[in-house]
Every structure is written in structure tokens, then in C-alpha cells.
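>>> Sharing a model that was predicted from the sequence below.
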There are 2 protein chains.
Amino acid sequence: MQWRTLIQKSDAEAVRALVADTGFFSDEELLVAVELVDETLARGKASGYEFLFLDQPDRPGSLLGYTCYGLIPATESSFDLYWIAVSPHCQGQGLGAKLMRESERLARASGATQMYADTSASEQYTPTRAFYERMGYEKAAVLKNFFAAGDHKVIYARQLGAGQLG
Amino acid sequence: MQWRTLIQKSDAEAVRALVADTGFFSDEELLVAVELVDETLARGKASGYEFLFLDQPDRPGSLLGYTCYGLIPATESSFDLYWIAVSPHCQGQGLGAKLMRESERLARASGATQMYADTSASEQYTPTRAFYERMGYEKAAVLKNFFAAGDHKVIYARQLGAGQLG
């Protein structure tokens, strides 16, 4: 598995293409995903975002998957997994799980003691919630009608203590 | 009561002075407070932040108090009260309550159906939590050890339905 943490210019387009390819995210979400890449390209570490990329070995400038995570401002060691996406062409191969565990390992190396992941309680996100739960995340909170009437926010959390990774 | 919602250049320094005067916030928080003003001065409505100012009648460019709130990105009508501060020279006169209610009224006019307010479960924030509870806010979630070991985040929420304001 060829991980890359150093961001490069082509990642803005690569992330846009990957996130669009999943067919899962709204146009607004797509813009946000690219914005985080752009901000990190412009400001580096000061952006507060860290990335983990999995390049397509045969297609330079294309991604099999990626995560974006980082220290939550005003917290000592709480990290947020802002994005995780895997190409639809290679889902079901455990890449998401590998990306997640490697991101947690890197976050822990950066001082993280826990990782948060926000998602929706709606039908569309049932596979997302199942994924987080398989990965050992626990429901820390449910905010009723957060996104819209009937669309609740679910906040997952996982402790990244010693012995809990791997 | 002289409310002002239109932001002006002098508010960056006025907010810095007010927030510093309270003696309640860290240097990092102070920087964030001013950053929100700067971003709104630069980008206008596109910043996503709305302000309510209460000017000192006798001292132009100085504030008795202010709030900063706005639509939470990716939500339909959930607002966040990012900041509320009242000058230490006029605390205990109900200005905080008036600022809060007027901000909720304005938010509702902008389409808000609920207002969130995040704070800490720590000792220092006991008066803050008591204030939110007096104002009708309910604990929607507690995120354990969010800010640091032993320092939990409390998320308060209040429905802004018809008949619940005033």
C-alpha cells in the first residue's frame, strides 16, 4: 500500500474527481472537500488539516482514496476526521478500513487522543454509520434535526489510546 | 437600547477590547473573535457570520456587548451562537439576556429554527451554563474530554419556534 501524506498541486483536481465519482456527496460538499485541499496548499500546516492519500499506481494524479483530518481548534488532542472517500472502482476491498486505521495511527503520532467523525442519521448514511461502528467508533451524541427537520447529526468518537490501534 | 447589525471597521478593535476586558477568554479565543470580525469585514454576508452590536452611547467605537451568530454550514436552518460578550462594567443588568433574545429574533428572521451554543463543562464556565439554562437552552449533548482530559464540551440547543421568543 503506497501512502502519501505530502499534499501536491494535482490533489485539488484529484480530490474533486474522486469525491464526485463516489456519487455520494452534494455539490456543496464537493466544494468544501476541494476548499480544504486548496487551503492546505496555500497555508501548509497552519491550515490545521492533514491528509492521507492513496495514489492510483497506474494513473499519476488520480487517487484510490484519501482522508482529511486534523486537530479540532481549541482542543488539546481531539481530532476530527473531516473526510474519508474511496474510489467506487475499488470499494469492498477494505481500503476504507486501511485508510481509517492509518489516519488514526498518524493522528496519534501527531498527539491525538481521540478521533471524532460526524455524519447523518438519515437512510443515505446507513453504510457510513455501519462503517464507523465496525471501526470501533461509538455514538457520542445525536443532535436532533440538526441538518434539517428529521435529519439528525450523529457524532461518533473513538479513543486512540495505546493498544487500541491496529 | 441601540442595536446595530451593520459591521464597521472599528469593530475589530472594539471587539478585541471588549473580549479582553471580560478577562474570561484566552489569547487564542481573543484572536478567533477578532478573526470573525475581520472575515466579515472582508467578505460580507458570504462569511456566514452575523453580528449584533450594542454601542456605548458616550464612547464611539466602544461596545457594551455583542453577539456573533450564523447559519451552520451544511444545515438547513440550524444556527450557532459563536460569541456573546458583555462589558464587565455593565454585567448584572440583563444586557446578556437582551442580546441573546434579540439575536434569536434576528436569527429567526433569517430563517433559523434552532440555535446552538457550545461551551465547556468546566468550573470556569458554570456561570455561562447557568446563563444558557436560564435562557431556555437545553443540553443536547456532552462530549467527554473534548477540550482536554476532564474538560468536556457541552452543546446547548434552543428551538426558535413561533411563540418561544420574547
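Looks like it arrived, so ask away.
>>> Could you use CA atoms for every contact and neighbour count after this?
Fine.
>>> Parallel or antiparallel, list what pairs with the strand ranked longest in chain A.
The residue-count maximum for a strand in chain A (DSSP state E) belongs to strand A:138-148. Strand A:138-148 has the following sheet partners, assigned by DSSP bridges: strand A:151-159 (antiparallel).
>>> How far off centre is the strand it pairs with?
Distance, stretch centre to chain centre, for strand A:151-159: 13 Å (Cα atoms, centre = their mean, to the nearest Å).
>>> now stretch A:111-119
Averaging C-alpha positions (Cα atoms, centre = their mean) puts stretch A:111-119 10 Å from its chain's average.
>>> Render the CA-only coordinates of that stretch in PDB, please.
The C-alpha coordinates for stretch A:111-119 follow below in PDB (Å, rounded to 0.1, in the frame of the first residue of the first chain):
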ATOM      1  CA  GLY A 111      -0.700  13.800  19.500                       C
ATOM      2  CA  ALA A 112      -4.400  12.800  19.000                       C
ATOM      3  CA  THR A 113      -6.100  11.000  22.000                       C
ATOM      4  CA  GLN A 114      -9.400  10.700  20.300                       C
ATOM      5  CA  MET A 115     -10.900  10.900  16.800                       C
ATOM      6  CA  TYR A 116     -14.400  12.300  16.000                       C
ATOM      7  CA  ALA A 117     -16.400  11.700  12.900                       C
ATOM      8  CA  ASP A 118     -19.700  13.500  12.200                       C
ATOM      9  CA  THR A 119     -22.300  12.000  10.000                       C
END
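>>> pLDDT averaged over it, what's the number?
For stretch A:111-119, the mean per-residue pLDDT is 97.
>>> if I look at residue A:40, how far off is residue A:49?
Distance, residue A:40 to residue A:49, using Cα to Cα, to the nearest Å: 7 Å.
>>> try residue A:124
26 Å.
>>> With neighbour numbers in mind, choose between these two.
Neighbours of residue A:124 and residue A:49, each counted by other Cα atoms under 10 Å in any protein chain shown, are more numerous for residue A:49; the result is 21 against 10.
>>> How much space separates the residue lying farthest from the centre of chain A from residue B:77?
The C-alpha centroid of chain A is most remote from residue A:149, which lies 25.5 Å away (Cα atoms, centre = their mean). As for residue A:149, its distance to residue B:77 is 9 Å (criterion: Cα to Cα).
>>> where do the contact lists of these two overlap?
When Cα atoms under 8 Å, 6 or more residues apart in numbering or on different chains defines a contact, no residue borders residue A:149 and residue B:77 alike.
>>> For residue A:102, which residues are in contact?
Applying Cα under 8 Å, 6+ apart, we find residue A:102 in contact with no residue.
>>> what's the burial count for residue A:146?
Using other Cα under 10 Å: residue A:146 sits among 26 other residues.
>>> Can you verify my assumption that it contacts residue B:75?
Yes: using Cα atoms under 8 Å, residue A:146 is in contact with residue B:75, at 6.6 Å.
>>> which residue packs closest to residue A:120, ignoring adjacent ones?
residue A:153 (4.7 Å; Cα to Cα, 6 or more residues apart in numbering or on different chains).
>>> show me what contacts the one you found?
For residue A:153, the contact set (Cα under 8 Å, 6+ apart) comprises A:118, A:119, A:120, A:121, A:142, A:143, A:144, A:145, A:146, A:147.
>>> ok, of those, which one's closest to chain B?
residue A:147 (4.2 Å; Cα to the nearest Cα).
>>> Backbone dihedrals for the closest residue to residue A:77 other than its chain neighbours, please?
Nearest non-adjacent residue to residue A:77, counting by Cα to Cα, 6+ apart: residue A:112, 4.7 Å away. The phi/psi pair for residue A:112 (degrees, to the nearest 10) reads phi -70, psi 140.
>>> Just give the number of residues close to residue A:112.
Counted with other Cα under 10 Å, the neighbours of residue A:112 add up to 22.
>>> you'd agree it is up against residue A:75?
No: the criterion here is Cα under 8 Å, and residue A:112 misses it with residue A:75 at 10.1 Å.
>>> And the contacts of the longest helix that chain A contains?
Ranked by number of residues, the top helix in chain A under DSSP state H is helix A:27-43. By Cα under 8 Å, 6+ apart, the surrounding residues in contact with helix A:27-43 are A:7-9, A:11-13, A:15-16, A:19-20, A:46-49, A:83, B:74.
>>> Then stretch A:56-65?
By Cα under 8 Å, 6+ apart, the residues outside stretch A:56-65 that reach it are A:10-11, A:14-15, A:18, A:53-55, A:84-87, A:90, A:95-96, A:99.
>>> Please, where are all the helices along chain A?
Ranges of helices in chain A, per DSSP H, are A:11-22, A:27-43, A:95-109, A:126-134.
>>> what's the first one packed up against?
For helix A:11-22, the elements it packs on are helix A:27-43, strand A:63-71, strand A:78-86, judged by 3 or more Cα pairs under 8 Å, 6 or more residues apart in numbering or on different chains; DSSP states H and E.
>>> Thank you, goodbye.
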